[in-house]
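>>> what would the 3D arrangement of this be:
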Amino acid sequence: MTVFARRARAFAGRLHPELTLVSYTLLAHLEDSGGCLAKDLAVRYGLDKSTVSRQVQALERLGFLERRPAPDDHRAQMLHLTPAGAGILAQVTESRYAAVAERLTGWDDDEIARFAELLIRYNAGPETSGDDAITQEYSDTDITETVH
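Below you'll find the predicted structure:
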């Protein structure tokens with residue numbers, strides 16, 4: 001698992017040196033949700049508000065997200081992906097699929113199917129911390145499509 005985590009962090013750094021794996025996760029959530037409050041990100045991923053605040057400031061500084069008044073409460077700020085943020089996220093997704101395909105070169109269909117089954121089982125395990133929310137972001141279909 002340590003090697004897997006190191007590879008994930010290194011991969012994120014290669015795509016954009018100023019972004020972390022957490023940054024990509026937050027951007028993906030903003031894309032999927034259509035925008036949300038920073039406190040929602042903190043709750044969703046079990047992160048401290050100060051951690052989310054630093055990540056949001058960095059992503060905003062890079063032009064990958066923007067703040068807009070919340071429709072229900074104009075004092076609150078909704079976070080939204082910018083076109084640049086959507087672009088970097090698309091690049092990450094494409095690169096991730098290519099990396100998985102490269103790693104699975106030489107695997108037969110049965111091995112790939114078994115691997116997908118095991119990933120689905122792993123992700124369905126008991127939720128013990130906010131970290132599990134990150135793995136819950138990807139559905140069984142996402143996993144199966146990625147490894148195939």
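
>>> now do the buried residues in whichever strand or helix holds residue 116.
Residue 116 belongs to helix 109-123 when elements are defined using DSSP states H and E. Neighbour-count burial for helix 109-123, with 16 or more other C-beta atoms under 10 Å as criterion, is recorded at 115-116, 119-120, 123. Where C-beta positions appear, they are placed from N, C-alpha and C, glycine not excepted.

>>> also stretch 49-57?
Under the neighbour-count criterion of 16+ other C-beta under 10 Å, stretch 49-57 has 52, 55-56 buried.

>>> CA atoms of it as CSV?
C-alpha atoms of stretch 49-57 as CSV (Å, rounded to 0.1, in the frame of the first residue of the first chain):
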residue,chain,number,x,y,z
LYS,A,49,-11.1,23.2,7.6
SER,A,50,-7.7,24.8,7.6
THR,A,51,-6.4,22.1,5.3
VAL,A,52,-9.2,22.6,2.9
SER,A,53,-8.7,26.4,3.1
ARG,A,54,-5.0,26.1,2.1
GLN,A,55,-5.9,23.7,-0.8
VAL,A,56,-8.7,26.0,-2.0
GLN,A,57,-6.4,29.1,-1.9
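
>>> could you give the mean pLDDT of the helix holding residue 116?
Mean per-residue pLDDT for helix 109-123: 91.

>>> check stretch 58-70 too.
The model assigns stretch 58-70 a mean pLDDT of 95.

>>> which other residues reach that stretch?
18-19, 23, 26-27, 30, 35, 37, 56, 76-82, 84-85, 88 (C-beta atoms under 8 Å, 6 or more residues apart in numbering).

>>> would you map the strands across the chain?
With DSSP state E applied, the chain shows strands at 36-37, 65-69, 77-81, listed in chain order.
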